[in-house]
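> What shape does this take:
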Amino acid sequence: MLSSLAAMVTAAGIILTVTGAYAWLRGRGAGPGLALSGAILFVLSFFSSTVQIMFLAHNSSYHFLIEIMAALSAAAVILGRKKLVAGDIHTLLVRVRKSGLLQIFSALYLYLAVQVLLLPPYNWDSIVYGLPRVQAMIAENSLFPQNLHSARQVLFPPGFDALSFFFLRGGSDCFLALPSFLCFTALSAAALELVSAGGNPSLRLRCIGLAAIMIVICQTQVILQATNTKNDLAAAAAAAVALAGCAAFVRSGIAVGPGVTLVALAAGMSFKSYFPGFVLPFLAVLLPSVWMSRPGLVRLRNFPMPLTILSGVILFLLLIFHGHNHLEYDSPFRKNTIVSDFTNHDGWRGASANLGRYLLQGIEWPRFLGGGMLDTVHDRGLGSNRLTGAWKQTPAMLMSSARLTPNGILSWFGPAGWLVVLPAVVWGMARGPALIRGTGLTLAGFYIAVCTAVAWAPWHGRYFLLFYACSAGCVAYFLSSFRIRKLRLLIAAALMMGWYAALFNESKPFFDYSSLTGISASGTEGTSGWFFFHWMQDVLERDRKYALLYGREAMDYYDHKIPTGSRVLILAGEESGIFPLLLKRRDLRKITATSERVALEGGFFRVAEAADFALIMEKFDFIVTIGVNPQFPVPLKPVFAAGGSPAVSRFTVFDLR
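Predicted coordinates for the structure are as follows:
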C-alpha cells in the first residue's frame, strides 16, 4: 500500500512538472499543441537524464531531491503564468463540451488513463529484460550493473527504460505505463500542431484537422501501446514532436520550435535503437526545406538555452553508454546472435522482400476470412527466396497472422493505416507543399530504413509505429478536398476503431469474450470471472498474470517458503520473465545472473566450475533457476520444481544451506 501511495505521489509530481514546462513553453510563444508535446518530451528526457547521471554517480537514492526541486520550479512557473494556463484549460473544456465527437475521444482517453493507473505491466519484452534491467540498476546502484541475464539489457539505449526507476525504486508495479501514456498525449498534441491552420480556421478546416488527428491517434497499434511499457510509442512521440517543432518554426518563426525539435531528436536517439532511421532522412530531406523557408540565423537569437543544454546532456549520456559497451564487450552493440538474427543480411534483395511483406501484412486480413491468400501471394512471388530478408527462425510466412481481437504483438494499424495513412504519405510526397513533401519523404525514408536494416518477423509491426503515428500533416493534406459530411464520418469511424482496440485489447479486455471464442480474453485458463471490466480482476489480484509465467504453485512457494533474509541467486535464460521475482519479496537479498557469469566480489564466476561454485555456495542460501538447466559440479536435488517450458519458464529451487 505504501509503495502504491509513493508511486501516486511520484506520478503527481511528474504531471506537475509537465504542467510547469507547458507554461514555460507557452510563455515563449509556442502554441498549445507544441507546448504540451514539447513539455512532455522535455520532462521525460530531463528525468531520464538525471536518473542516468545519479546512477553513474552511484547516488540514485538521492534523486528525490531533484524531483522536489523540479516540482517547486514548475509550481513557480505555473503561478507566474496561471492566467495563460487557466485560459488554455478553459478553452479545451469549452471545445469538448460543444463537440460530441471530442467527448467520445475524451472518454476513450480517460478509459486508457484508468488502465495506466491501475493495471500491472504484462508486456513480454518488459517482463523479460526492460523492467529487470532497471531493477538491476537499482540493486547495484549503477547505470552498468554487472549481474544481468539477457544480452538485450545492455544492447539498447537506456533512455526510456530509466523512467521506470520512479516506480520500481519503491517496489511498486503501479503507474509503470505512465511514461508511455504521456507519450500518447504528446503524440496527440503534436498532431494538433501539425494540422493547425492558424488564426481562426473555418468549420471545414477544423473538421479536416480533427479527422486527421483522430485517424492517426485511434489506429490500433497506437491505442495498444498507450498503456504498454515498451518504448516504440516514445520513439514515435519524439519524431512527432520534432516534426511539430519544424511546423511551428515554418508557420511563425518562433525560436522555441527548433529548440523543441533538437530535444526531441536527442530524446528519440536515447529511447530507441532504430531512431537513427528517422534522424538521417530528417536531416537530409526535411531540415533543408525548413531552413529555406526561414532563411538566416537571426530568427534564432532567442534560442532557448535549457533545450540546447538538455539535448547535449542526452547525447553525451548516449555516448557514454555506447562507449562503455565498446570497452566492455568490444562492440558498441555487443557481439551476440540476437543482433545477427534480427538483421537483414540480404541487402537490397532482403529490403525489397521486406517492403512487400510489410505492405501485405498491413492489410490485416485474417486467415479464417480468406487471408491465407496473402501467404500464397508471398510464397509464389518469392518462390525459393521466401526466407530472403526474414528472421531465419520464422517457421512460415504468416502474412495472414492478423486477429479480429487487437493484439499488442501481431496487430498493425487497422483499416485507416492501409486505406488512409499510406495513400496520404504517398500523396504528400508527390503533391504536397515543401513541409508536407519533406515530412512524407522523411517517413518513407524511415520505412525503407527499417525494411533494410531489420529482418522480417510477424511481430515487427510496432517498429512502424513512428511512420503511421507521425503522419497527421500528410493525412490532413490528403483530406483537404473532403466535404464536412465525409470528414465527420471518418472521425466517427476512427473513434469506433479506437474504442474497439481499447475494449477488445487481448491483454486488457473490457469483456470476457472467452465464452464466445473459447479463448480466455486475458490469457488465463478457464472462463470464470467478470464479464464486464474483465481486466479489473488483474488489478484486484495482481499476481494473476504473473502466475502465467511459472504457475500458481511456483509463485506461492516463492512468496511463502523461502525464509526472510535469505540470500537468493536467480539463474535465468535469455527469454526468462523474471520481473515478478525481482518485484516481490523485497525481504530477500537477490542477485540475477546467468550460469556463465555471476559477478561476486569484483570477479566473475561460472556455475559449472567446481572452485567457482564452492564460493557461490558460500554466498547464497538458495538458487532459483528460471528457464535454464545449469550443470552443477556437485549433485543438487531441487526442493521445488514447477512451471512451463524448460526454455522459458521452468521454475526450480535448490536449497544450499
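> can we go C-alpha only for contacts and neighbour counts from here?
Noted.
> Do a quick rundown of the strands in this protein.
Using DSSP state E, the strands of the chain run over 567-572, 589-593, 598-600, 603-605, 622-626, 638-642, 651-655.
> Turn these into JSON lines, including mean neighbour count and distance to residue 611.
Conversion of the strands of the chain to JSON lines gives the following (neighbours: other Cα atoms under 10 Å; distance: least, Cα to Cα, whole Å):
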{"stretch": "strand 567-572", "mean neighbour count": "24", "distance to residue 611": "17"}
{"stretch": "strand 589-593", "mean neighbour count": "21", "distance to residue 611": "18"}
{"stretch": "strand 598-600", "mean neighbour count": "19", "distance to residue 611": "13"}
{"stretch": "strand 603-605", "mean neighbour count": "14", "distance to residue 611": "9"}
{"stretch": "strand 622-626", "mean neighbour count": "23", "distance to residue 611": "17"}
{"stretch": "strand 638-642", "mean neighbour count": "14", "distance to residue 611": "21"}
{"stretch": "strand 651-655", "mean neighbour count": "22", "distance to residue 611": "19"}
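> JSON lines please, covering those and showing distance to residue 494 and mean pLDDT.
Listed next are those as JSON lines, based on distance: least, Cα to Cα, whole Å; pLDDT from 0 to 100:
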{"stretch": "strand 567-572", "distance to residue 494": "43", "mean pLDDT": "92"}
{"stretch": "strand 589-593", "distance to residue 494": "45", "mean pLDDT": "91"}
{"stretch": "strand 598-600", "distance to residue 494": "51", "mean pLDDT": "88"}
{"stretch": "strand 603-605", "distance to residue 494": "54", "mean pLDDT": "87"}
{"stretch": "strand 622-626", "distance to residue 494": "43", "mean pLDDT": "90"}
{"stretch": "strand 638-642", "distance to residue 494": "45", "mean pLDDT": "86"}
{"stretch": "strand 651-655", "distance to residue 494": "44", "mean pLDDT": "90"}
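> how distant is stretch 49-67 from the center of its chain?
Chain-centre distance of stretch 49-67: 22 Å, with Cα atoms, centre = their mean, to the nearest Å.
> First-to-last residue distance for it?
12 Å (Cα to Cα, to the nearest Å).
> Buried residues, that stretch. List them.
Under the neighbour-count criterion of 16 or more other Cα atoms under 10 Å, stretch 49-67 has 49, 50, 51, 52, 53, 54, 55, 56, 58, 60, 63, 67 buried.
> same question, stretch 306-317
For stretch 306-317, by 16+ other Cα under 10 Å, it's 307, 310, 311, 313, 314, 315, 317.
> what does stretch 279-288 give?
Under the neighbour-count criterion of 16+ other Cα under 10 Å, stretch 279-288 has 279, 281, 282, 285, 286, 287 buried.
> coming back round to it: take the buried residues of stretch 306-317 and keep only those in helices.
Among these, DSSP state H puts 307, 310, 311, 313, 314, 315, 317 in helices.
> Just to check, the first one is in contact with residue 263?
The one in question is residue 307. Yes - with contacts counted by Cα atoms under 8 Å, residue 307 reaches residue 263, the gap being 6.2 Å.
> where do the contact lists of these two overlap?
residue 42 (Cα atoms under 8 Å, 6 or more residues apart in numbering).
> picking up where we left off before, can you lay out the buried residues of stretch 306-317 as TSV showing distance to residue 78 and pLDDT?
Output for the buried residues of stretch 306-317, formatted as TSV (distance: Cα to Cα, whole Å; pLDDT from 0 to 100):
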residue	distance to residue 78	pLDDT
307	19	89
310	21	93
311	24	93
313	25	95
314	26	95
315	29	95
317	30	95
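> TSV for the ones in helices among the buried residues of stretch 306-317, including distance to residue 146?
Conversion of those to TSV gives the following (distance: Cα to Cα, whole Å):
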residue	distance to residue 146
307	33
310	28
311	28
313	24
314	23
315	23
317	19
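> quick check, nearest of the residues you listed to residue 387?
residue 315 (37.1 Å; Cα to Cα).
> In contact with residue 89, which residues?
So residue 89 contacts nothing (Cα under 8 Å, 6+ apart).
> same deal with residue 279?
Taking Cα under 8 Å, 6+ apart, one finds residue 265 in contact with residue 279.
> just residue 554 next, same as before
Per Cα under 8 Å, 6+ apart, neighbours of residue 554: 547, 641, 642, 643, 651.
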